[in-house]
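Colleague: Here is the input, now give the coordinates:
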Amino acid sequence: MKVEMEHTDGEIKRLKACINDLISVLALPAIWSGQEPSQIVKTLLDVLLGMLRLNFAYARLSDSISGGTPIAMVRSAQPLTLNAQLQEIGQILNPWLTGDPHTSPLVIPNPTGEGKVSIATLRLGFQDEFGVLVVGSQRADFPTDIEMLLLRVAANQAGIGLQEAHLSSEQRRTAEKLDQRIVRRTRQLIAVNEELRKEIIEHKRADAELRESEQRYRHIFQTAGVSIWEEDFSQVTAAIDDLKAQGVRDFSQYIAAHPEFIQQAISMVKIIDVNDATVKLFEAQSKDELLVSLHKIFLPKTEEVFAGELIAIAEGRTNFESETVLQTLKGDKLAVLFTIAFPRQPAKLNSVLVSIMDITERKRADEALHKTQAELAHVTRVATLGELTASIAHEVNQPLAAIVTNGNACLRWLAGDSPNLDEARETARRIIRDGNRAGDVIGRIRTLLRKTGTEKELLDMNQAVREVVALAEDEVRRNGVALRTELTGDLPPILGDRVELEQVVLNLIMNAIEAMSAIGDRPRELVVRTQSGEVDQVCVTVQDSGIGLDPQSMGRIFDAFYTTKSQGMGMGLAISRSIVENHGGQLWAVPNEGPGATFQFTLQACSKQE
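Modeller: Numbers count the residues shown, from 1 in each chain. You can find the predicted model right below:
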């Protein structure tokens, strides 16, 4: 009976110990609550090592719970070296750490010391996802059923703790990510708000500048000294676009064939506003009188220029400028220069500025100036011909003397008993030839002395040069000048006034002759050339071997009333340059590389179609 009681007491003690161990295990979550997975496992290993009198306790956590890097830990009843021993234990236990759990107990070589140990392996986590736990003991009865129960409860508690730690970690990471996103979004919102604030400030500044600009523009528009019209061409643009859609490509040809389109387009233009200068220029009582229609100020000549404006719009040009004639509301004619600036397409041209400058007085002044220049040029031609009096007399006397001689010869051939009619006829032909020769000389002189307005025609510059050379030929011989012409064949014609251009050539030749009059130590050579210049131009060159050009007076030789001649008026070169420039050309002078100077001028050539 006593033995049975002692046996019962022992069982009760073991049962109490097991219950205490179980309570200790169940209390572990309270210890590791809020701790990291590594700390949970460390506590678990320490508790199991002492509670079950183990030789070692080893755990390996998967990367899903350890934050990306697997964690291995070991606790041993015997002292161990750290990392090297841990790695060796892991390598020894590795066959029992992977794959399906093995049935316990298993007897394996002791990874922490001598002999063999019985081990038990348990998975951590509800689905074994957190890692594995391995415990070992050299006791022969390890693990008992109660120890296995404690190990399973401990593993389950650890699994729960790891799960909670994992969820807590995920929550923290989620919270951190959320915090980071909130911080990032907050920074973005702050940046956006700052940008928005800047944009609002910039928008307010731009609005203020726009209002100021509009006020400034309106002030300039109203107070400008020239006439400014603000017009709406949107209907005109729409009509042109419709024509393009119908296949019209050449608007010059279309407008020429449909002149009624010009009238329609004029009616389509809406006048939005005009400035004060416009009201004054067109003699209106108020703006309202001018805002009605362009027909009130247009003339037939104006409509021709307006057709060019329509072509400019159709071709997409950004500006148009022309001179034309308009009329005031009282019927007075105005010569004007108007300029239009179009916005770039595809703008609808609903606000186009047209500036009109009154050039009536300038036109009158130009006409008076041209008249004065023409009279002065005529005087200069007469003066130049005066210098050629001896040469002209010689040119006329030669054919007249020949006529008298041939007339006497003709009378002799007819006075004999048997008149020689053949010789008489030949003599008569020579008389006619010399008479024509004298008539040509007189004709050239009369042409140069003629006082008429500018009459431009298609002109062969080679022929003009030949006529001038023939007129000055005796003056050339009288001054001992060797004159040579180098005239380019197939020279394109130019559009010009024959008399004025021959005056230019004659003036340059006479100046060259005079520049060589004091030369006695070298030949007096004069070369007159014609050639095709660049960009469809005709170039005429007069080159002498005279005294050359004074570098100090180079910039003044074409000035009016400047002369180096003791008896000169200083108008020849000035008038010559004016004539050339009125023909759209240029006249200039350069010193030769050797003695003398070269004067040359260029004129625009005309195509054969022109």
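
Colleague: Name the SS class of the spatially most central residue of the chain, please.
Modeller: With distances taken as C-alpha atoms, centre = their mean, the residue of the chain nearest its centroid is residue 344 (13.7 Å). Here residue 344 is coil, with the state taken from DSSP: H, G, I helix; E, B strand; the rest coil.

Colleague: show me what contacts it?
Modeller: By C-beta atoms under 8 Å, 6 or more residues apart in numbering, the contact set of residue 344 is residue 318. All C-beta spots, glycine's among them, are computed from the backbone N, C-alpha and C.

Colleague: roughly how far apart are it and residue 317?
Modeller: Distance of residue 344 to residue 317, given as C-beta to C-beta, to the nearest Å: 10 Å.

Colleague: Give me the distance from the host helix or strand of residue 230 to the chain's centre.
Modeller: Here residue 230 sits within strand 227-232, counting by DSSP states H and E. Put simply, strand 227-232 sits 29 Å off its chain's centre (C-alpha atoms, centre = their mean, to the nearest Å).

Colleague: Tell me the first helix or strand C-terminal of it.
Modeller: Counting by DSSP H and E, the element after strand 227-232 in chain order, helix or strand, is helix 234-245.

Colleague: Using CSV, write out every CA atom in that next one.
Modeller: Only the C-alpha atoms of helix 234-245 are listed here, as CSV (Å, rounded to 0.1, in the frame of the first residue of the first chain):
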residue,chain,number,x,y,z
SER,A,234,-12.7,86.4,-91.2
GLN,A,235,-15.5,86.3,-93.8
VAL,A,236,-12.9,87.0,-96.5
THR,A,237,-10.8,84.1,-95.2
ALA,A,238,-13.8,81.8,-95.2
ALA,A,239,-14.6,82.7,-98.8
ILE,A,240,-11.0,82.1,-99.9
ASP,A,241,-11.0,78.7,-98.1
ASP,A,242,-14.3,77.8,-99.9
LEU,A,243,-12.6,78.6,-103.2
LYS,A,244,-9.6,76.5,-102.3
ALA,A,245,-12.0,73.6,-101.4
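
Colleague: Residues touching it, excluding its own?
Modeller: Helix 234-245 is contacted by residues 251, 254, 261, 264-265, 268-270, 310, 313-314, 348-350 when judged by C-beta under 8 Å, 6+ apart.

Colleague: Which of those fall in strands?
Modeller: residue 270 (DSSP state E).

Colleague: Out of the contacts of helix 234-245, which end up buried?
Modeller: 251, 254, 261, 265, 268-270, 310, 313-314, 349 (16 or more other C-beta atoms under 10 Å).

Colleague: and the two most separated of those?
Modeller: Of all pairs drawn from these, the greatest distance, 23.1 Å, lies between 254 and 270 (C-beta to C-beta).

Colleague: pLDDT score assigned to residue 213?
Modeller: You'll see residue 213 listed with a pLDDT of 69.

Colleague: Could you do residue 446 as well?
Modeller: At residue 446, the model reports a pLDDT of 58.

Colleague: do the same with residue 488
Modeller: Listed pLDDT for residue 488 reads 90.

Colleague: In space, what's closest to it - neighbours in sequence excluded?
Modeller: Leaving aside its chain neighbours, residue 488 sits nearest to residue 531 (4.6 Å; criterion: C-beta to C-beta, 6 or more residues apart in numbering).

Colleague: State the number of residues packed around that neighbour.
Modeller: By other C-beta atoms under 10 Å, the residues close to residue 531 number 15.

Colleague: and it, which of the three is it?
Modeller: Applying three-state DSSP to residue 531 yields a three-state assignment of strand.

Colleague: for it, what are its contacts?
Modeller: Contacts of residue 531 by C-beta under 8 Å, 6+ apart are 488, 491, 538-539, 541.

Colleague: For the stretch 251-400 of the chain, which segments count as helices?
Modeller: Counting by DSSP state H, counting those that start in this stretch, one finds helices in the stretch 251-400 of the chain at the ranges 251-257, 260-268, 276-281, 300-314, 360-387, 389-415.

Colleague: now the nearest residue to residue 336 once chain neighbours are set aside, which residues is it bridged with?
Modeller: Nearest non-adjacent residue to residue 336, counting by C-beta to C-beta, 6+ apart: residue 356, 5.0 Å away. On the basis of DSSP bridges, residue 356 is bridged to residue 227, residue 338.
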